[in-house]
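Visitor: Sequence and predicted structure are below.
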Amino acid sequence: MKIVQVITRSDTIGGAQKYVLDVSKGLKKDSHNITIISGSSGVFKEKACNEGIDFYGIDSLKRELSFFDDLKTLMILFGFLLKKRPDIVSLHSIKAGLLGRLACSLTPSTVYFTAHGWSHIRQSKGYKRKLYLQIERYLSKLCRKVICVSKNDMAFAEQVIGIKKDRLCLIQNGVKEIKNKKRALGTVKLVSIVRFQAPKDFDTLLDSLYQIKDKAWELDILGDGTDIAKVRQKINHLGLANKVRLLGFKESVDEYYQNADAVVLISHSEGLPMSLLEGMSCSKLLIASDVGGIDELIIPEWNGFLIPRDDSHYLSMCITAIINSPEIIEQYGANSKLHFDSTYSFEKMYYKLLDLYKEE
């Protein structure tokens, strides 16, 4: 099959970019003709090209709204797809999903849009939320299926957005396994792999750590984003600089999972987060906000802790529980791996997606 994947940003690698890259590598390995379309430059483009995947960059494809850039992108996309004539066009992220479905409506390609959390709707209010809902209801008619990566996202799409059930398809995220390395007991090592921008909730995370700053814990945060300077300032203000390390973007993160006792993700909105899935694959205890599809990954007091939104006190209590009872780290981690193996392996996700594509 000739398949085109479209995603907005190429300047960073978040969960959606990792999803597109891993799926594209699988499709290429299985001898499908695969092209990725994204913003023109950045680390995502470099990784795709290093894997030998055809990459087509569009300078005007940006996250921010711009009438002229968006119109230009729409015309370029339409021209490319008309010339390339792919069997499948797979769209990811809000801007690519909007412009891609409009462009594809005038082509014979079969179109799929993957919703990675609906965060633009979940976080909006008032007239903006109503507008987003109306736009998404209309756009859902311009693709064969809207792929949801969690049960929560699928329920939200049907019950809140109003997308018809026959337009929806559930294919839960999956990741490749990261081999675990057993750690000696001692200072509890936490790791958080995130993008430094909304909807991530650094205030709740750092406030909770401040409440237990004298206890035996350390936190490594990996990632980049627009809010990193603001987060660093708060870390210094709270006197946590000797315990919280900002390590920036890392191409390879396996060793950070392996060297951690628990994976932490505190956020106001999520789909089915890749960082938690990677932590599960590496047999790690999970601590994360009770938002989006996270309650599908964490079974409280079995493989981790679900944190109510904005509840820094409860978060600090959960971290303290790990410090006081370190034996649960290995027990909960083993349970995470069982849960991962049963449902969330990359192979399970990939072959469900491939079966869907073959139906076109």
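Guide: Done, it's in. Note that the structure is predicted; figures quoted are calculated from it, not measured.

Visitor: quick one: contacts for the closest residue to Gly57 other than its chain neighbours?
Guide: Leaving aside its chain neighbours, Gly57 sits nearest to Ser40 (3.3 Å; criterion: C-beta to C-beta, 6 or more residues apart in numbering). C-beta coordinates here come from the backbone N, C-alpha and C atoms, glycine included. By C-beta atoms under 8 Å, 6 or more residues apart in numbering, the contact list for Ser40 reads Ser10, Gly57, Ile58, Asp59, Leu61.

Visitor: State the number of residues packed around the third one.
Guide: The local packing of Ile58 (other C-beta atoms under 10 Å) involves 21 other residues.

Visitor: wait, doesn't it sit right on Ser38?
Guide: Yes. Counting by C-beta atoms under 8 Å, Ser38 is a contact partner of Ile58 at 7.4 Å.

Visitor: which residues sit in contact with Ser345?
Guide: By C-beta under 8 Å, 6+ apart, the neighbours of Ser345 are Gly174, Val175, Lys176, Glu177, Ser281.

Visitor: wouldn't the first one be in contact with Met349 here?
Guide: Yes. Gly174 sits in contact with Met349 when judged by C-beta under 8 Å, with a separation of 3.1 Å.

Visitor: So if I had to pick from those two, which one is more boxed in?
Guide: Using other C-beta under 10 Å, the more surrounded residue of Gly174 and Met349 is Gly174, with 25 against 22.

Visitor: dump the residue contacts of that one.
Guide: If you count contacts by C-beta under 8 Å, 6+ apart, then Gly174 has Leu277, Tyr344, Ser345, Phe346, Glu347, Lys348, Met349, Tyr350 around it.

Visitor: The same query, at a cut-off of 6 Å, please.
Guide: Tyr344, Ser345, Phe346, Lys348, Met349 (C-beta atoms under 6 Å, 6 or more residues apart in numbering).

Visitor: repeat for Gly225
Guide: Arg195, Phe196, Gln197.

Visitor: quick one: which of the residues you listed sit in helices?
Guide: Taking DSSP state H, every one of the contacts of Gly225 sits outside helices.

Visitor: So which of these is the closest to Gly186?
Guide: Nearest to Gly186 among the contacts of Gly225 is Phe196, at 28.4 Å by C-beta to C-beta.

Visitor: Wait, that closest one touches Asp227, no?
Guide: Yes. Taking C-beta atoms under 6 Å as the definition, Phe196 is a contact partner of Asp227 at 4.3 Å.

Visitor: Could you check how far the residue lying closest to Phe80 once chain neighbours are set aside is from Pro86?
Guide: Closest residue in space to Phe80, ignoring its immediate chain neighbours: Tyr56 at 6.4 Å, by C-beta to C-beta, 6+ apart. Distance from Tyr56 to Pro86, counting by C-beta to C-beta, to the nearest Å: 11 Å.
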